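Student: Need coordinates for the below:
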Amino acid sequence: MAAERKPSDAEIRPALHALLLAEFAAVPDTVVIEELGVCRGQVRIDVAVVNGVLHGYEIKSDRDSLRRLDTQIDYYGRVLDRATLVAGERHLKHVRDALPPWWGVICVDATAGGLTFKRVRQGRKNPNRDPRSLVELLWLEEAQQLLEQRDAARGVRGKPRRVVWDRVCENLSLDEIAVAVRERLKARVGSVGLQRRP
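Tutor: As a prediction, the model looks like this:
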């Protein structure tokens, strides 16, 4: 009897991307971004869906190690509205207890007809986003524009981005920052080759 085939990250990623594009095809103003760096590049989200929320998907194939998962959980929790782990069967029993309760879980499996994705745990909204980590997703010019719109840029024009980010956090609520980040991420589509839904 042939050994069961375990799909690799390289196989899972395009299939997940196509699944998400199809799933959100009816949701206006949605973009799907691969390899979104967060927390000043400390980690990269495998696939992010940006519309009314920022939803990150982390892929852990059966061939992958879980050694970075704790760090990813920490950083993702600072910026994401929602998170979903897309894992092979081998990892499921190990990750369920390790993940915060707001994370969703999807099991990926290889069949004769291709990859299948089965939701095994529904995610919830993240209760613990960090405004300072979230604002770091803004480019310096974007953060300055936000301050200009609020007439709050005086004294920080030409300053380093950390100073500008701090001023944004002083003048905007967490939800206002989250909205601004999502809008800026969507606006970058096309300028840096991110992919919008068809």
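Student: So the spatially most central residue of the chain: helix, strand or coil?
Tutor: Central residue of the chain (C-alpha atoms, centre = their mean): residue 56, 2.8 Å from the mean position. Three-state call for residue 56 (DSSP: H, G, I helix; E, B strand; the rest coil): strand.
Student: Look up how far residue 100 lies from it.
Tutor: Distance of residue 56 to residue 100, given as C-beta to C-beta, to the nearest Å: 13 Å. For the C-beta atoms, the positions are set from N, CA and C on the backbone; glycine is no exception.
Student: now residue 189
Tutor: Remark: distance between residue 189 and residue 100 (C-beta to C-beta) = 29 Å.
Student: repeat for residue 154
Tutor: In this structure, residue 154 and residue 100 are 40 Å apart, going by C-beta to C-beta.
Student: Kindly report the domain assignment for the chain.
Tutor: As given by automatic domain parsing, the domain ranges for the chain are 9-121, 131-191.
Student: got these as TSV, with mean pLDDT columns?
Tutor: What follows is the domains of the chain, written out as TSV (pLDDT from 0 to 100):
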stretch	mean pLDDT
domain 9-121	91
domain 131-191	92
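Student: ok so, going back, between residue 154 and residue 100, which has more neighbouring residues?
Tutor: residue 100 (15 against 9; other C-beta atoms under 10 Å).
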